[in-house]
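[1] no sequence on this one, just coordinates:
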Ligand code: HEM
């Protein structure tokens, strides 16, 4: 995982829960990086899993909810930092349909070591999009947070219904309905 994912995560934890909580989750996790992240570095995603697990224990917020909150936060950071990817994109469905074939492709060009999920995206009808998520990192809830922030960004409302196609969360079908 790219360092920006870690640095933004720790900033958010500090803003929401305070520095003592940051200190405590870094202390409790066994991190090959030593908990020192730079935006351009790459770190094993198991470090994120450990940080989230300890944060969940400390705050009593589920890992799923923490991932959604974090995804919502990160969308704003990405939309600002990579605004040029969104230049000709005018709706949430435009963005979601372009994620696999354009946005994440560009991300991979910039950062060949980025670990990205794959999505099979199908437009069911004018108001309904199906996205099938595949990733060994099982971060579907993070994607849901990103999607939620994406609707907000375009001033839209939608429901997202996720169904695990693999019990471990490595393949998830999302049915997204615009209201
Ligand atoms: C401006 C738009 C976006 C940009 C620039 C962007 C870029 C990125 C970057 C840099 C990462 C981290 C890769 C790594 O750590 O190695 C990532 C991961 C991810 N992105 Fe995007 N992203 C965008 C929008 C979205 C949206 C809207 C979704 C939701 C469908 C999404 C789904 C994901 C997921 C689920 C991951 C976690 C990796 C995994 O599950 O394997 N992204 N993205």
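    Sure thing, it's come through. Computed from a prediction, not measured in an experiment: that's the story for all the values here.
[2] Determine if any part of the top helix by length along the chain is in contact with the ligand.
    For the chain, the helix with the greatest residue count under DSSP state H is helix 63-81. Yes. Counting by Cβ under 6 Å from any ligand atom, the ligand has neighbours in helix 63-81: 78-79. All C-beta spots, glycine's among them, are computed from the backbone N, C-alpha and C.
[3] secondary structure element for residue 124?
    Element membership for residue 124 (DSSP states H and E) is strand 118-125.
[4] List the pairing partners of that strand within its sheet, with orientation.
    strand 128-134 (antiparallel) (DSSP bridges).
[5] re the thing from before, not counting its own residues, what contacts the strand holding residue 124?
    The contact list for strand 118-125, computed with Cβ atoms under 8 Å, 6 or more residues apart in numbering, reads 93, 96-97, 99-100, 129-135, 175.
[6] Select only the buried ones of those residues in PyMOL?
    Restricted to buried positions by 16 or more other Cβ atoms under 10 Å, the PyMOL selection for the contacts of strand 118-125 reads:
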select buried, resi 93+96+97+99+100+129+131+133+135
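[7] what helices or strands is the longest helix of the chain leaning on?
    Using 3 or more Cβ pairs under 8 Å, 6 or more residues apart in numbering; DSSP states H and E as the contact test, the elements touching helix 63-81 are helix 3-17, helix 45-59, helix 140-153.
[8] I'd like the distance between the residue nearest to the spatial centre of the chain and residue 32.
    Centroid-nearest residue in the chain: residue 142, 3.6 Å away (criterion: Cα atoms, centre = their mean). Residue 142 sits 21 Å away from residue 32, going by Cβ to Cβ, to the nearest Å.
[9] tell me which parts of the protein are close to the ligand?
    Within the chain, the residues that sit near the ligand (Cβ under 6 Å from any ligand atom) are 1-2, 5, 78-79, 82, 85-86, 95-96, 99, 103-104, 107, 114-117, 135, 137, 139, 142-143, 146-147, 150.
[10] can you list the helices and strands packed on helix 63-81 in a markdown table and add distance to residue 25 and mean pLDDT?
    Formatted as a markdown table, the helices and strands packed on helix 63-81 follow (distance: least, Cβ to Cβ, whole Å; pLDDT from 0 to 100):
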| stretch | distance to residue 25 | mean pLDDT |
| --- | --- | --- |
| helix 3-17 | 7 | 96 |
| helix 45-59 | 4 | 96 |
| helix 140-153 | 17 | 98 |
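[11] Of the ones you listed, flag the one that's most buried.
    Ranked by mean neighbour count, the helices and strands packed on helix 63-81 are led by helix 140-153 with a mean of 21 (mean count of other Cβ atoms under 10 Å).
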